[in-house]
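Undergrad: turn this into a structure:
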Amino acid sequence: MSLFVRKPLKNLLAEAEDSEKGLKKTLTAPGLVALGIGAIIGAGLFSITGLAAAQNAGPAITISFIVAAIGCAFAGLCYAEFSSMIPVAGSAYTYSFATMGEFIAWIIGWDLVLEYAVGAATVSISWSRYFVKFLEDFNIHLDPAFTLSPFDGGLINLPAVAIVMIMSLVLMRGTKESAFINGIIVALKVAVVIVFIALGWKYIHPENYKPYIPDNNGTFGEFGFSGIIRAAAIVFFAYIGFDAVSTAAQEAKNPKRDMPIGILLSLAICTILYILFAHVMTGVANYHDFAGKDGIAPVKVAIERMGHANANGVVTPDYPWLNKAIIVAILGGYASVILVMLMGQSRVFFSMSKDGLLPKMFSDVHPKFRTPAKNNMLFMLIVSIFAAFVPARVVGEMTSIGTLFAFILVCIGVWVMRKKMPEAPRAFRTPLVPLVPILGVATCLFMMVFLRLDTWIRLVVWMMIGFDLYLFYGMKNSVLNKGALGPNSYRIVSLTGMGMVAILVAVAFLHHSSAADDTGLFYFSLGFAALHLLIYGSKMSKKVVN
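TA: Sure thing, here's the model as predicted:
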């Protein structure tokens, strides 16, 4: 047995056809497109756009979306080929298992846990902020202590927790009901986005685009070229939608035909809307207006400037009804994003559990609803904790770096599959292989480099926790390896872990040199690295497996 044993493609296809024990097949191409749009349109348009414009790119946030879309398109083409070949739940985890083996699949699967969990938390935090603003329009004011995290001046973000719990309960009922609700929400918010673009276009002030690319202020990543690329990396997580579509492959009626359509069409539609929306938003209001506490709710700021100023410079909105309508749409849109991310999360755990890498309880299907209800309950708790106590900037960038890392492995995987399994049937073929996968890897890695160093520290720590789980549970309970991995396999995993220790220490020192006041994260990183040096060292010295 080997760490790099691949799950046979015929076994994956057999799992997809096991309709009695598997997940219920209810989704068609239109439903998958709506699922993708439901995930993509939301956080990127309605919150992160303003923050990234105010702090990183200025009006050039539109260029950031184009850069992000380029990398996303390369990865989307690779996802489309994989999803048409391997129509089972699990997304990049499953694709990696079929191409690069169990150990690499574990790495990408654990990364997806980060991507979906903190992504759902990010959107729920922004949902909370819009919900507070919506109530304020009716003179209902909630205590900030219960609507903000401790890092933002509050105690706990209860509205964020509430929306996570509601969406989790919807998912427990089944994807058919979820897809129906999502379809209604998608239609509503796309209509509002189009109305916003159409009405806002005439209120664009050309002077707001000057300078279109603000000069760098002396700090890496704050305006200028580096700011544009960092903004692209920050908003990249909003493109998680087509990735989430691929996790629903086992619930699609005709996955070989419908999955590529769902992935690529949802990506194309949303990219166009992102660019137009960002252009109008930064033209109606100056990018400086999106700084501060309302940066997480930039659409409200822009709509309030769609009017005419009096002698004192105070703008009276021409469409006051639009403000309330679009906030309602945003609340619904965010709910659909949370729903899709939680769905993707539970399906990845479902696949990992069936492979023996996680406890069997995570692959139990509810006898009535045919959904992984225990998964939904677990992540309702985990995501609620993130949403309640962690600031949006931290979870947002963690989602971005996790998403970019996942896309890199998928691009590598499609190239490997062409070499290792050229005869495998493909309903969709990625064009210009290996050029497209190489460009996808290069673009995503380029954006990752521009993210903050503390975000890199959190990614490395998370991956090391994943190595711990694989060393102490997954390697002993793997279905394919049957617990028969030898000392050499433990040595390989431990050496990889030690490489992560070295990366953690190096990044911690780099971060400390540029942010000396962040001593807590620095000393935590060194302590965590020292502990894992002992763990990996002890595993390398083992003479037996069990």
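
Undergrad: quick one, helices of the stretch 251-400 of the chain?
TA: 255-284, 298-303, 320-354, 373-389, 392-420 (DSSP state H, counting those that start in this stretch).

Undergrad: now tabulate those helices in CSV and tack on distance to Val461 and mean neighbour count.
TA: C-beta here means a position set from N, CA and C on the backbone, and glycine is covered the same way. Converted to CSV, the helices of the stretch 251-400 of the chain look like this (distance: least, Cβ to Cβ, whole Å; neighbours: other Cβ atoms under 10 Å):
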stretch, distance to Val461, mean neighbour count
helix 255-284, 31, 23
helix 298-303, 31, 24
helix 320-354, 19, 24
helix 373-389, 15, 21
helix 392-420, 10, 24
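
Undergrad: which among those helices is found nearest to Met475?
TA: Checking these against Met475 by Cβ to Cβ gives helix 320-354 as the closest, at 13.3 Å.

Undergrad: same for that closest one, what does it pack against?
TA: Counting contacts by 3 or more Cβ pairs under 8 Å, 6 or more residues apart in numbering; DSSP states H and E, helix 320-354 packs against helix 29-40, helix 92-99, helix 102-136, helix 158-173, helix 175-200, helix 240-246, helix 298-303, helix 373-389.

Undergrad: just the C-alphas of stretch 97-107, formatted as CSV.
TA: Listed in CSV are the C-alpha atoms of stretch 97-107, where the atom choice follows Å, rounded to 0.1, in the frame of the first residue of the first chain:
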residue,chain,number,x,y,z
PHE,A,97,-7.8,11.3,-5.1
ALA,A,98,-8.3,10.0,-8.7
THR,A,99,-5.1,11.7,-10.0
MET,A,100,-2.5,12.3,-7.4
GLY,A,101,-3.4,9.8,-4.6
GLU,A,102,-4.6,9.7,-1.1
PHE,A,103,-2.1,11.9,0.7
ILE,A,104,-2.5,14.8,-1.8
ALA,A,105,-6.2,14.3,-1.7
TRP,A,106,-6.1,14.6,2.1
ILE,A,107,-4.2,17.9,1.8
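
Undergrad: domain ranges for the chain?
TA: In the domain annotation for the chain, the residue ranges read 27-451, 453-546 (automatic domain parsing).

Undergrad: among those domains, which is the most enclosed?
TA: Burial of these is given as mean neighbour count (mean count of other Cβ atoms under 10 Å); domain 27-451 ranks first at a mean of 22.

Undergrad: low-confidence ranges, the stretch 151-300 of the chain, go.
TA: Along the stretch 151-300 of the chain, segments meeting pLDDT under 70 span 175-179, 181-183, 241-244, 246-251, 292-296.

Undergrad: go with 80
TA: Confidence mapping of the stretch 151-300 of the chain against pLDDT under 80 gives the ranges 173-189, 192, 237-257, 259-260, 263-264, 292-297, 300.

Undergrad: so for Ser124, what's the pLDDT?
TA: At Ser124, the pLDDT value in this model is 91.

Undergrad: contacts only, for the closest residue to Gly227 other than its chain neighbours.
TA: The spatially closest residue to Gly227, leaving aside those adjacent along the chain, is Asn56, at 4.3 Å (Cβ to Cβ, 6 or more residues apart in numbering). Each residue near Asn56 by Cβ atoms under 8 Å, 6 or more residues apart in numbering is listed here: 64, 221-223, 227-228, 230-231, 234.

Undergrad: wait, which of the helices and strands packed on helix 320-354 is closest to Ile48?
TA: Checking the helices and strands packed on helix 320-354 against Ile48 by Cβ to Cβ gives helix 102-136 as the closest, at 8.0 Å.

Undergrad: just want the angle from that closest one to helix 320-354.
TA: 160 degrees (axes from the mean of the first three to the mean of the last three Cα atoms, to 10 degrees).

Undergrad: what's helix 102-136 packed up against?
TA: With contacts taken as 3+ Cβ pairs under 8 Å, 6+ apart, helix 102-136 sits against helix 43, helix 92-99, helix 158-173, helix 240-246, helix 320-354, helix 373-389, helix 392-420, helix 453-469.

Undergrad: picking up where we left off before, wait, which of the helices of the stretch 251-400 of the chain is closest to Gly154?
TA: Among those, helix 373-389 sits nearest to Gly154 (Cβ to Cβ), with 9.6 Å.

Undergrad: other SSEs contacting the closest one?
TA: helix 102-136, helix 158-173, helix 320-354.

Undergrad: and the ones you listed as a markdown table, adding distance to Met417?
TA: Listed next are these as a markdown table, based on distance: least, Cβ to Cβ, whole Å:
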| stretch | distance to Met417 |
| --- | --- |
| helix 102-136 | 13 |
| helix 158-173 | 31 |
| helix 320-354 | 18 |
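
Undergrad: averaging pLDDT over each of the ones you listed, which comes out lowest?
TA: helix 320-354 (a mean of 82).

Undergrad: what's the spacing between it and its chain's center?
TA: 11 Å (Cα atoms, centre = their mean, to the nearest Å).

Undergrad: how big is the angle separating it from helix 92-99?
TA: Angle of helix 320-354 versus helix 92-99, following the same axes, to 10 degrees, is 40 degrees.

Undergrad: and helix 320-354 with helix 373-389, angle?
TA: Using the same axes, to 10 degrees: helix 320-354 against helix 373-389 is 130 degrees.

Undergrad: can you redo the helices and strands packed on helix 102-136 as JSON lines with distance to Gly71?
TA: Converted to JSON lines, the helices and strands packed on helix 102-136 look like this (distance: least, Cβ to Cβ, whole Å):
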{"stretch": "helix 43", "distance to Gly71": "17"}
{"stretch": "helix 92-99", "distance to Gly71": "15"}
{"stretch": "helix 158-173", "distance to Gly71": "28"}
{"stretch": "helix 240-246", "distance to Gly71": "12"}
{"stretch": "helix 320-354", "distance to Gly71": "19"}
{"stretch": "helix 373-389", "distance to Gly71": "26"}
{"stretch": "helix 392-420", "distance to Gly71": "7"}
{"stretch": "helix 453-469", "distance to Gly71": "17"}
